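Peer 1: my questions are about this predicted structure, shown below with the sequence.
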Amino acid sequence: MSPPLRLALFDCDGTLVDSHRTIQAAMAQAWRMEGLGDLDAGHLKSLIGLSLEEAIERLLPDAGPAQIQRLRKAYRAAFAANRADPSLWEPLYPGAIEALDCLESAGMVLGIATGKTRAPLDAVLDVHGIGSRFVTIQTPDIAPGKPNPTMVLQAAAAVGVSPADTVVIGDTVFDIQMARAAKSRSVGVAWGYHDPDALAAQGADRVVDDFAALPVAIADLFEGSDR
């Protein structure tokens with residue numbers, strides 16, 4: 001009997017690519033354009049993974065809808081413009097390609113569930129030549145943002161697997177919360193933007209320190225277990 005089809009659903013920012021400098025630069029520009037002074041960079045970093053609108057709302061809880069939309073528009077314009085600056089390139093984390101190769105060789109389907117909207121996501125995936133590897137791509141353009149489980153449920157349905165045969169790989173508590181809400185498995189990564197202990201506390205089934213450990217952790221997670 002062939003093994004069941006399984007889905008490895010990756011976060012993008014802080015998991016596949018290191019994007020905090022690009023995100024921070026664009027948000028700081030949006031803040032200045034709105035006359036808001038200095039941006040709390042530490043607070044912003046803790047919110048990476050949420051949709052853009054929710055991150056802005058948490059950064060500026062007293063903002064009204066019109067101001068949130070101005071900041072959203074300014075951020076997106078700044079983010080697009082910053083792609084011309086080599087210092088703001090979003091590099092893949094070491095070992096990412098090898099881990100994707102290993103998971104595909106093991107028969108897993110690859111997908112993405114991210115707080116990035118589709119256009120900037122496609123741009124960064126194209127830069128690294130990996131866009132075609134992901135069978136399903138879930139973004140806030142087509143689903144509620146994390147930690148709502150809809151992106152996981154839609155990804156699993158698109159591939160034809162159950163949520164229990166899906167593992168979410170991410171660096172933030174929002175990823176782990178999303179996986180738990182969908183009744184999927186989860187692997188937290190220690191190289192991203194949230195503390196690894198916080199990922200474990202939120203119920204991550206495994207936490208790995210580098211990409212080399214990821215395929216083994218996922219195999220171990222599914223080995224002989226059912227939900």
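Peer 2: Nice, thanks for sending it over.
Peer 1: tell me the helix or strand right after the lengthiest helix in the chain.
Peer 2: For the chain, the helix with the greatest residue count under DSSP state H is helix 65-82. Heading C-terminal from helix 65-82, the first helix or strand you meet, by DSSP states H and E, is helix 96-105.
Peer 1: need the contact partners of the helix or strand just after that next one.
Peer 2: Downstream of helix 96-105, the first helix or strand assigned by DSSP H and E is strand 109-113. For strand 109-113, contacts defined as Cβ atoms under 8 Å, 6 or more residues apart in numbering pick out 5-12, 16, 100, 103-104, 121, 133-139, 146, 151-152, 155, 158-159, 161, 168, 175, 178. Glycine gets a C-beta too; all of them are placed from N, C-alpha and C.
Peer 1: so which of the residues you listed sit within strands?
Peer 2: The strands, defined by DSSP state E, take in L7, A8, L9, F10, T136, I137, Q138, V168 from the contacts of strand 109-113.
Peer 1: these two touch, right, the third one and P149?
Peer 2: Looking back up the chat, that one is L9. No: using Cβ atoms under 8 Å, L9 is not in contact with P149; the gap is 11.3 Å.
Peer 1: more neighbours: which of these two?
Peer 2: Neighbour tally, L9 and P149, criterion other Cβ atoms under 10 Å: the higher count belongs to L9, 32 against 22.
Peer 1: ignoring the adjacent residues along the chain, who's closest to that one?
Peer 2: G111 (4.5 Å; Cβ to Cβ, 6 or more residues apart in numbering).
Peer 1: swap in P196?
Peer 2: A190 (4.1 Å).
Peer 1: can you report how many residues lie near that neighbour?
Peer 2: Residues near A190, counting by other Cβ under 10 Å: 16.
Peer 1: for this protein, give me the ranges with low pLDDT.
Peer 2: 1-2, 224-227 (pLDDT under 70).
Peer 1: got the domain ranges for it?
Peer 2: Domain ranges of the chain: 7-18+91-222, 20-88, per automatic domain parsing.
Peer 1: buried deepest among those, which one?
Peer 2: domain 7-18+91-222 (a mean of 20; mean count of other Cβ atoms under 10 Å).
Peer 1: that domain: end-to-end distance?
Peer 2: Start-to-end span of domain 7-18+91-222 (Cα to Cα, to the nearest Å) is 11 Å.
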